[in-house]
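Chemist: just the structure for this:
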Amino acid sequence: MKLWIDGVRPAPYGYVWVKAINDAILQIEMHEQNNIPFLLISLDHEAGDYGSPDYIKLFDWLEETGRNYPIHIHSMNVLGVENMRRIIERNGWTEVR
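Modeler: Numbering: from 1, shown residues only. This next block holds a predicted model:
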């Protein structure tokens with residue numbers, strides 16, 4: 001399963017599209033419970049109107065729960081991408097570019 005987290009841009013073919021962090025967490029937990037492997041989480045930085053100032057809050061949840069999935073950042077926000085990459089590196093997660 002591939003998860004696309006973005007409040008504006010629709011997901012490419014083959015991805016599940018969510019706009020809010022809580023929906024992303026629900027998708028992750030649901031797929032884990034059903035033993036459906038996670039292939040990739042692709043996310044933007046800005047969440048806009050979808051519950052949080054930015055999607056980096058998902059990284060907080062991943063850290064707190066000890067989860068580790070390949071991550072692709074599709075944001076155009078240069079500073080946001082740098083911040084997200086620091087978190088990815090700090091945790092030893094895989095960034096798919």
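
Chemist: doesn't residue 75 make contact with residue 84?
Modeler: Yes: applying CB atoms under 8 Å, one finds residue 84 in contact with residue 75, separated by 7.4 Å. Where C-beta positions appear, they are placed from N, C-alpha and C, glycine not excepted.

Chemist: SS state for residue 9?
Modeler: Here residue 9 is recorded as coil under DSSP: H, G, I helix; E, B strand; the rest coil.

Chemist: same question for residue 4.
Modeler: Recorded secondary structure, residue 4: strand (three-state DSSP).

Chemist: and it, bridged to which residues?
Modeler: Judged by DSSP bridges, the bridge partners of residue 4 are residue 17, residue 42.

Chemist: how deep is it tucked in, by neighbour count?
Modeler: As a burial measure, residue 4 scores 22 neighbours (other CB atoms under 10 Å).

Chemist: about what we covered before: which of residue 84 and residue 75 has more neighbours?
Modeler: Neighbours were tallied for residue 84 and for residue 75 using other CB under 10 Å; the higher tally belongs to residue 84 (23 against 18).

Chemist: dihedrals phi and psi, the closest residue to the more buried one other than its chain neighbours?
Modeler: Of all residues not flanking residue 84 in the chain, residue 73 sits nearest, at 5.3 Å (CB to CB, 6 or more residues apart in numbering). Dihedral pair for residue 73: phi -100, psi 120, per degrees, to the nearest 10.

Chemist: what's near enough to touch residue 73?
Modeler: 42, 43, 44, 45, 81, 84, 85, 95 (CB atoms under 8 Å, 6 or more residues apart in numbering).

Chemist: let's see it at 7 Å
Modeler: 43, 81, 84 (CB atoms under 7 Å, 6 or more residues apart in numbering).

Chemist: extract the residue ranges of this structure that are flagged as low pLDDT.
Modeler: 47-53 (pLDDT under 70).

Chemist: closest to residue 56 out of the contacts of residue 73?
Modeler: Nearest to residue 56 among the contacts of residue 73 is residue 84, at 5.9 Å by CB to CB.

Chemist: would you confirm that that closest one contacts residue 57?
Modeler: No: using CB atoms under 7 Å, residue 84 is not in contact with residue 57; the gap is 11.1 Å.
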